[in-house]
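# Here is a sequence with its predicted model. Questions after.
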Amino acid sequence: MIKNILLVEDEAIIALDISLELESNNYKVFTADNGQKAMEIVEKEDIDLAVLDIKIKGEMNGIDIFLELKDMNIPAVFSTANIDILNKSEEKHDFKAIYIKKPFNANELGEIIKKLNL
């Protein structure tokens with residue numbers, strides 16, 4: 001069951017909105033605005049799911065983070081305005097993504113997460 005969610009989003013207002021919505025649905029949310037912080041959280045916390053913005057500041061983008069998490073068996077949902085980048089990455093790295101297109105309502109993300117809780 002998903003309890004701890006890593007949210008990687010470099011736009012503070014969006015991160016706050018998503019975090020508040022997820023927390024109101026009893027998820028514990030760990031936020032990071034770049035790949036380095038995200039990986040530090042993963043090393044310290046028991047993360048059940050990651051929500052990853054694809055285009056973020058820093059050396060790692062959301063795809064890079066996903067590839068690291070995939071090796072750790074941590075599932076991810078991408079949040080992106082540019083589906084083309086995601087499609088190209090799926091082909092290049094041989095994976096199938098779960099995504100939500102920006103802009104989205106935080107309730108929509110909550111519904112995706114509920115569906116992942118089998």
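Nice, thanks for sending it over.
# next structured bit after the helix or strand where Met39 lies?
If you go by DSSP states H and E, Met39 is part of helix 35-44. The helix or strand immediately downstream of helix 35-44 is strand 49-53, counting by DSSP H and E.
# I'd like the next helix or strand past that next one.
helix 62-71.
# Direction-wise, compare that following helix with strand 49-53 and give the angle.
160 degrees (axes from the mean of the first three to the mean of the last three Cα atoms, to 10 degrees).
# what's in contact with whatever helix or strand comes next after helix 62-71?
The element immediately downstream of helix 62-71 (helix or strand, assigned by DSSP H and E) is strand 76-80. Strand 76-80 is contacted from outside by 9, 49-55, 62, 65-66, 69-70, 86, 97-102, 104, 109, 112-113, 116, using Cβ atoms under 8 Å, 6 or more residues apart in numbering. C-beta coordinates here come from the backbone N, C-alpha and C atoms, glycine included.
# quick one: strand 76-80 to chain centroid distance?
For strand 76-80, the separation from the chain centroid amounts to 5 Å (computed by Cα atoms, centre = their mean, to the nearest Å).
# For that strand, which strands pair with it and how are they oriented?
strand 49-53 (parallel), strand 98-101 (parallel) (DSSP bridges).
# so how far is the first one off the chain centroid?
Taking Cα atoms, centre = their mean, one finds strand 49-53 lying 1 Å from the centre of the chain it belongs to.
# what mean pLDDT does that strand have?
What strand 49-53 shows for mean pLDDT is 94.
# CA atoms of it as CSV?
The C-alpha coordinates for strand 49-53 follow below in CSV (Å, rounded to 0.1, in the frame of the first residue of the first chain):
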residue,chain,number,x,y,z
LEU,A,49,5.8,6.0,-5.0
ALA,A,50,7.5,9.0,-6.7
VAL,A,51,5.7,11.8,-8.6
LEU,A,52,8.3,13.3,-10.9
ASP,A,53,8.2,16.5,-12.9
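# Quick one: residues in contact with that strand.
2, 4-11, 18, 38, 62, 65-66, 69, 74-80, 109, 113, 116.
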